[in-house]
Structures are given as C-alpha cells and as structure tokens.
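Enquirer: whatever this is, show me its structure:
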Amino acid sequence: MHKSQHSSAPGSCLLAVGTYTEILPHVQGRGLGIHLLEFDGESATFRERQILAGPVNPSYLCAWGDRLYSVSERSRDAALDISAIEDGGARLRPIGRAAVPGADPCHVSVNPVARQLYVSNYSSGELLCYALDDKGLPAGEPQALRRQGSGPRADRQDGPHAHFAMPDAAGAHVYLCDLGTDAIVRHRVQADGLAPEPDWTLRARPGSGPRHLVLAGALIVAVNELSNTLSVYGQAEDARTPPRELAHASTLPPGWTGASWAAALRLHPNGRLLMVSNRGHDSIAAFRLRRDAPWLEPLGHFPAGGRTPRDIAFTPDGAFLLIASQDDHLIRALRIDPATGMPERAGASFALRSPVSLCPLLP
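Expert: Numbering: from 1, shown residues only. Below is the predicted model of the structure:
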C-alpha cells in the first residue's frame, strides 16, 4: 500500500475526486478530470495537490493498493483509466487505458482476492469483468455478462441498466444492482471470470430502481434511486435462495412531494451508521442499522450544503462525511459526532467543478 504524508489529525486523508468534463443530458459538465486533494481533519479544509486532465467524464473511481481506476461515462469510446498513486499519495501518474465496450459505464470496483475488476454499463446494461495482471492492469478483453428485461417506469426502465457491482469481502461472489429491471443478482467468482448465470435473482419492489448496496454481515442494504427508499434483505443459508426483504424506509422526510432521486449509500466503518444522499431534496438521510431486528432507525435529515449531492464518502477512520455537490460545484465536510453519530458542519466548502465521485485513499 502507498504511504501518505498528510496530517495525522483524525479524518485526515488524501482524496481523489472524479468530475464530469462534458455536457451530458443529465449534467452540465464543467470539470477538469480527476483532482487529487488533501483533506486536513484538524481544520476540516481541502487543499489541491494535482489535476489529472486526461480522463473524460471520470464519473466513478476506486483505489486498490497503489492503483487508482476510473471509468469514463460516455455513450461511445468509453474507457477505463489506470493511474499509479506515487510519492506517498502526493501524485497520480497515468499508466494505462483500456477500451470499455458498451455505453455509459457508471461504476467500477476491484476484487483483490480474485484479481478482477468490474465495470457496470448503465445504458447498454452489461456487467464487464476484467482480469488484472501483476501490475494491476487489465489483461485481455473483458468478459461481458449481458442482461435482459425491463421495469414499469418507461422513462427509466426501458431495458437493463447495470449501476453497481461489488465483490464480497471473501472475493467469492459479486453483487450487481440493475436499476432497469428492479433486480439484484449475485454471481459466483471463478478462476476465469464470473459464472455466466447468477446464483439467485432478487426482485426488488417494482419501479424502485436499485442503484447501490452495502453488505453488513448476512444483510444486504440497497438504496433505490427511483422510489427514494432503502431496503434491507436477509440472505438465506441456501446459496441459491434469493434474499428476502426484512425492512424498508424512505430516504425523504414525510410529506416531501418534490422531485428527488436517491444517490450514494455509505456504511460507516463502525458498521452501524448508514448515510444516503438525496438529489433534489439536497440532503443527507441518516439511519442506524439495527442488525438484530433488523430495523432501519431514522436519525434525521441534514442539508447537503449544495445542489445535487451526487456522492458521499466517509473518511477511512469515519471521523468525517465528505459530500460532492455536482450542480453547485463544491465539496464539503461534515464532522461525525462520535457519541451520537450525527453529522455536524465543519470547515468551509471547497470549490470544484462538477464533482461526481469521491474516493478517499487509504494511508
């Protein structure tokens, strides 16, 4: 792993931020590429270290060891960009680029155990699986798992829309959210890729649009973009039995009637605090996950501090929640009260054009 040279105050970390660099139907992108920032937990302020201007629309980032991966959200000529994290985290150096077949990749993740990388294509609906070589670069063409189906929302669910894919901690399975078909599926990891057919298919509530999920032991917590809800599912001991819904909650306050879309979902390092961003209501919804019940205990809503909070991320130690407000072109920090888990505004907002993805770098 790379070693960082930033402040040792709680919450301090290095942060890679992806931005929209082009004007798209859903965003007036004015970003410059990938920004490398230093976040100082003592003053709750950001300082820019580098701008990597090569990637186009790097709308999702993930880091593994001393590698940073980003996908370019484009309907044609999409790419996966790979950078080396160097000089104690002070510099990003481009080291590779691979073509991404399909349209509008919107998520990327790495399976360190299997040395695989997963890309979710929103518009064309595929899940791509790349093998990684010993330098962390894609080796050969990706396996493409093509999905079928649609959902009841004609405006958003005309076909499959793979939005998220993530391995479990053991690296044995990959969980996929398909917003277009209201499905969450699990694929078994094999030596040469992923099993073509899923172990099981979970049917979410019609029209809900599962977007992202987190794993909490045997529980799956999914955020549903179209219905602005969270769903908690319990996995069965039988590997081929779909999980069943155990709890459900709105991410919006009672009585809210405006247009809003749930976006990012994050589980605090303590495993008990959940945060969700609402685009439209422009808030952060906080919940306590009661695993034994299970139950989602609503803790309240907090202003995001900007329009369209597209992504949120906890600092690696959980001391702060970082927020990227896409359409107000800023990021900010909320300090997490260790006693209550409640976020409190800290520091000043940092101007940054069209931020869409936050990726804290581990020390």
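Enquirer: quick one: name whatever helix or strand follows the helix or strand bottoming out on mean pLDDT in the chain.
Expert: Least confident helix or strand, the chain: strand 27-28 with a mean of 84, by mean pLDDT, DSSP states H and E. Counting by DSSP states H and E, the element after strand 27-28 in chain order, helix or strand, is strand 34-40.
Enquirer: following element in sequence after the helix or strand Val276 falls within, please.
Expert: Per DSSP H and E: Val276 is located in strand 273-279. Where DSSP H and E defines the elements, the next helix or strand beyond strand 273-279 is strand 283-290.
Enquirer: show me what that following strand is packed up against.
Expert: Strand 283-290 sits against strand 273-279, strand 295-303, strand 309-314, with contacts defined as 3 or more C-beta pairs under 8 Å, 6 or more residues apart in numbering; DSSP states H and E. In short, each C-beta sits where N, CA and C put it, glycine included.
Enquirer: switch the cut-off to 7 Å
Expert: strand 273-279, strand 295-303 (3 or more C-beta pairs under 7 Å, 6 or more residues apart in numbering; DSSP states H and E).
Enquirer: out of the ones you listed, which one sits most buried?
Expert: Greatest average neighbour count among these goes to strand 273-279 (a mean of 24), per mean count of other C-beta atoms under 10 Å.
Enquirer: okay, angle between that one and strand 309-314 too, please.
Expert: Angle of strand 273-279 versus strand 309-314, following axes from the mean of the first three to the mean of the last three C-alpha atoms, to 10 degrees, is 160 degrees.
Enquirer: got the angle between strand 273-279 and strand 283-290?
Expert: Using the same axes, to 10 degrees: strand 273-279 against strand 283-290 is 150 degrees.
Enquirer: can I get strand 273-279 as CSV, trimmed to CA atoms?
Expert: Provided in CSV are the C-alpha atoms of strand 273-279 (Å, rounded to 0.1, in the frame of the first residue of the first chain):
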residue,chain,number,x,y,z
LEU,A,273,-24.4,4.1,10.7
LEU,A,274,-25.9,4.5,7.2
MET,A,275,-25.9,7.7,5.1
VAL,A,276,-27.8,8.3,1.9
SER,A,277,-27.7,11.4,-0.4
ASN,A,278,-30.9,12.8,-1.9
ARG,A,279,-30.6,14.7,-5.1
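Enquirer: so for it, mean pLDDT?
Expert: Averaging pLDDT along strand 273-279 gives 97.
Enquirer: got a list of contacts for it?
Expert: 221, 223, 228, 230, 251-252, 260-267, 284-289, 304, 308-310, 312, 321, 341 (C-beta atoms under 7 Å, 6 or more residues apart in numbering).
Enquirer: please repeat the previous calculation with a cut-off of 6 Å.
Expert: Strand 273-279 has contacts (C-beta atoms under 6 Å, 6 or more residues apart in numbering) with 223, 251, 260-267, 284-287, 289, 308-309, 312, 321, 341.
Enquirer: starting at the chain centroid, how far to stretch 155-175?
Expert: Taking C-alpha atoms, centre = their mean, to the nearest Å, one finds the center of stretch 155-175 at 11 Å from the center of the full chain.
Enquirer: any weak-confidence spans in the protein?
Expert: For the chain, the stretches flagged by pLDDT under 70 are 1-7, 363.
Enquirer: for it, just list every one of the helices.
Expert: Counting by DSSP state H, the chain has no helices to list.
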